[in-house]
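Engineer: A structural model of the following input is requested.
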Amino acid sequence: MKQTVILMMVIAFSYSCTTENSKSNIDKQGTKDPAQKKSNEKNSFKKLKHDSISPMKIVGDKSLSFKFNIDSSGSLLKTINVYSENILIQKITANKYFESNKFELIDWNFDGAKDITVIYNCGSGGCAYWIWNFSPSTNNFIFNKELSDVLGLEIDTANQFIVFHYRAGYSEERWDSFKYVNNKLQFVKGRYRERANDSLGNSWVKNTYSKMINNVLVTNVDSSISK
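Structural biologist: The predicted structure follows:
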């Protein structure tokens, strides 16, 4: 039996710039504390009640309603119906699997228009999404292949950065920040952290910071050892 879920969400992500041990170096590069970002991300989601309809503002005075059609298993998003004043204006064929009924509207490309966002899955490595960007010129939503299904995708609304956050267990972690320029993602800065314990019982941390300055990639290294 076909199951239909109607959910609407408009969330603005906001992250604070707090750091711990390497605060001065992180602040210098403008890198945000990953623990704080993950905490904000977790608290930002709000699951709406089933079978509720409420037109949401997409851009300017334009408001749209959405209907998310899910199969009987509850894990496959089949289609997304987009309505304007109860008139169907677009039917998106999704056929995408997801883990929970969490749908929201987020302006991922910072063009002032909210984009359809479906949480694909979340784990220790971060969250991945299915994203459809709203195009004001065509009044349609277009699937974003570049950002969809990327584990560890984060958004920094304060600086308008898209952050690709990668983790390889305890030993390696990377944050690469990109910015939309002329509708294309361009690298802005990054942080690569390595951690390990040596044979003498010492713990060491090495942070490599990178940043684009006048189209030139500049890197700085900061490391520490503790017993």
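Engineer: now the end-to-end length of stretch 110-129.
Structural biologist: This stretch, stretch 110-129, spans 17 Å end to end (Cα to Cα, to the nearest Å).
Engineer: now it, how far from the chain's geometric center?
Structural biologist: Put simply, stretch 110-129 sits 4 Å off its chain's centre (Cα atoms, centre = their mean, to the nearest Å).
Engineer: distance between stretch 99-111 and the chain's centre?
Structural biologist: With Cα atoms, centre = their mean, you get 8 Å for stretch 99-111.
Engineer: List the buried residues in it.
Structural biologist: By 16 or more other Cβ atoms under 10 Å, the buried positions in stretch 99-111 come out as Asn101, Lys102, Phe103, Glu104, Leu105, Ile106, Asp107, Trp108, Asn109. For glycine as for every other residue, the C-beta is placed from the backbone atoms N, C-alpha and C.
Engineer: now swap in stretch 139-158 and tell me
Structural biologist: In stretch 139-158, counting by 16+ other Cβ under 10 Å, buried: Phe141, Phe143, Asn144, Leu147, Ser148, Val150, Leu151, Gly152, Leu153, Glu154, Ile155, Asp156.
Engineer: residue contacts, the first one?
Structural biologist: With contact taken as Cβ atoms under 8 Å, 6 or more residues apart in numbering, Phe141 is in contact with Ile80, Val82, Gln90, Ile92, Asp115, Ile116, Trp132, Asn133, Phe134, Ser135.
Engineer: Check the spacing between it and Lys189 real quick.
Structural biologist: 30 Å (Cβ to Cβ, to the nearest Å).
Engineer: This completes my enquiry, with thanks.
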